[in-house]
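pasted the sequence and its predicted model underneath.
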Amino acid sequence: MKVLRGIGAALIWLLATVVMILAAVLCITLVLLPLGLPLMALGLRLYGYGVQLLVPSAPEMKRGMRKRLGLRAHGDLSGDAQRAGKRVRKRGKKAGRKLRKKTGRVAGAVGG
């Protein structure tokens with residue numbers, strides 16, 4: 001899919017380049033200046049569409065970032081935060097148990 005989008009973007013950029021050259025020629029002749037300026041704007045807009053084809057959309061970016069971070073492929077960020085909080089609490093409890101076993105102290109006792 002990325003290859004097709006890249007080819008499409010290249011074709012749009014090629015078309016935009018031709019339109020920009022034509023607009024530049026029209027702008028040189030002062031009589032056709034009113035025709036060249038809108039054509040120049042169209043060429044710039046085509047360049048923008050080509051860039052939009054190459055830049056991934058927001059859902060694709062989100063999916064890619066979630067995949068790199070090792071999160072689940074679906075759901076919202078609040079669910080991720082809840083799962084991460086639960087994981088931290090669970091590991092904290094395990095660490096507390098291990099610490100109590102090694103030191104022999106009573107849970108919640110502060111100081112020495």
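Here it is on my side, so go on.

phi and psi next, for Val55.
phi -80, psi 130 (degrees, to the nearest 10).

count of neighbours near it?
When neighbours are counted by other CB atoms under 10 Å, Val55 registers 10. Backbone N, C-alpha and C define where each C-beta goes, glycine included.

any idea of the pLDDT on it?
As predicted, Val55 sits at a pLDDT of 86.

contacts only, for it.
Taking CB atoms under 8 Å, 6 or more residues apart in numbering, we find Val55 in contact with no residue.

any idea how far it is from Arg45?
16 Å (CB to CB, to the nearest Å).

over to Arg87?
Using CB to CB, Arg87 is found at 48 Å from Arg45.

state the mean pLDDT of stretch 94-101.
On average, stretch 94-101 scores 84.

give me the buried positions along the helix-or-strand element of the chain with minimal mean pLDDT.
Every helix and strand of the chain was ranked by mean pLDDT, DSSP states H and E. The lowest is helix 58-69, at a mean of 76. By neighbour count on 16 or more other CB atoms under 10 Å, the buried set for helix 58-69 is Arg66.

before we move on, what about stretch 15-29?
So stretch 15-29, judged by 16+ other CB under 10 Å, has buried residues 15-16, 19-20, 22-23, 26-27.
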